[in-house]
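K.L.:
Requesting a structural model of the entry that follows:
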Amino acid sequence: MIKAFFQSRTKLKRTVFFVLVDGLLLSFSLYLSFYLRFDGNIKPEYIDKFWRYLIVFLSVKYITFTVFRLYRISWSYVGFYELLNMLMANTVNLFLLSGIVYMFWFYDLFMGFPRSIPVLDFVISLVLIVMFMTSKRVYLQLLNKTNSVDTK
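P.N.:
Coordinates of the predicted model:
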């Protein structure tokens with residue numbers, strides 16, 4: 001029964017899979033942004049608030065990715081327009097998150113928040129998500145040579 005559950009493909013399972021992987025990649029992106037900003041020595045006040053930052057960042061990004069319909073694309077056929085859509089979604093995320101950080105700059109959560117974090121997170125998350133989006137197409141076209149003999 002469990003084997004049959006994982007073998008059958010549905011839109012819901014595919015979407016849940018991509019949402020979970022995006023969550024891991026985006027969480028890693030935010031952590032790596034802090035790590036790079038502080039040269040590997042993240043200040044304790046940011047480590048203590050990291051989970052709250054992560055909730056804000058992930059919430060905004062999930063909403064934006066849903067609005068830009070990034071979970072409805074066919075990952076086997078990712079092309080220029082899908083990558084452009086990802087760039088636009090991440091750019092909107094950059095502006096929204098920067099606005100949230102600056103709007104709440106004087107409140108407890110974002111007081112003294114490094115201004116470079118949203119920019120670093122933008123670059124890292126864009127690279128990670130684009131690499132993930134294109135990985136299936138790269139696998140199917142470049143690494144899977146079994147079907148390439150008699151194809152046009």
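K.L.:
what packs against the helix or strand hosting residue 136?
P.N.:
Under the criterion of DSSP states H and E, residue 136 resides in helix 116-138. For helix 116-138, the packing partners by 3 or more CB pairs under 8 Å, 6 or more residues apart in numbering; DSSP states H and E come out as helix 11-37, helix 80-103. Glycine gets a C-beta too; all of them are placed from N, C-alpha and C.
K.L.:
between it and helix 80-103, how many degrees?
P.N.:
160 degrees (axes from the mean of the first three to the mean of the last three CA atoms, to 10 degrees).
K.L.:
Residues contacting helix 116-138, please?
P.N.:
With contacts defined as CB atoms under 8 Å, 6 or more residues apart in numbering, helix 116-138 is touched by 21-22, 25-26, 28-30, 32-34, 36-37, 57, 61, 73, 75-78, 82-83, 86-87, 90-91, 93-94, 97-98, 101.
K.L.:
Buried subset of the residues you listed, written for ChimeraX?
P.N.:
In ChimeraX, this line selects whichever of these come out buried by 16 or more other CB atoms under 10 Å:
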select :22,25,26,29,30,33,34,36,37,57,61,73,75,78,82,86,90,93,94,97,101
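K.L.:
before we move on, the earlier item: okay if I get the helices and strands packed on helix 116-138 as JSON lines plus mean pLDDT and distance to residue 51?
P.N.:
As requested, these are exported to JSON lines (pLDDT from 0 to 100; distance: least, CB to CB, whole Å):
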{"stretch": "helix 11-37", "mean pLDDT": "93", "distance to residue 51": "10"}
{"stretch": "helix 80-103", "mean pLDDT": "93", "distance to residue 51": "16"}
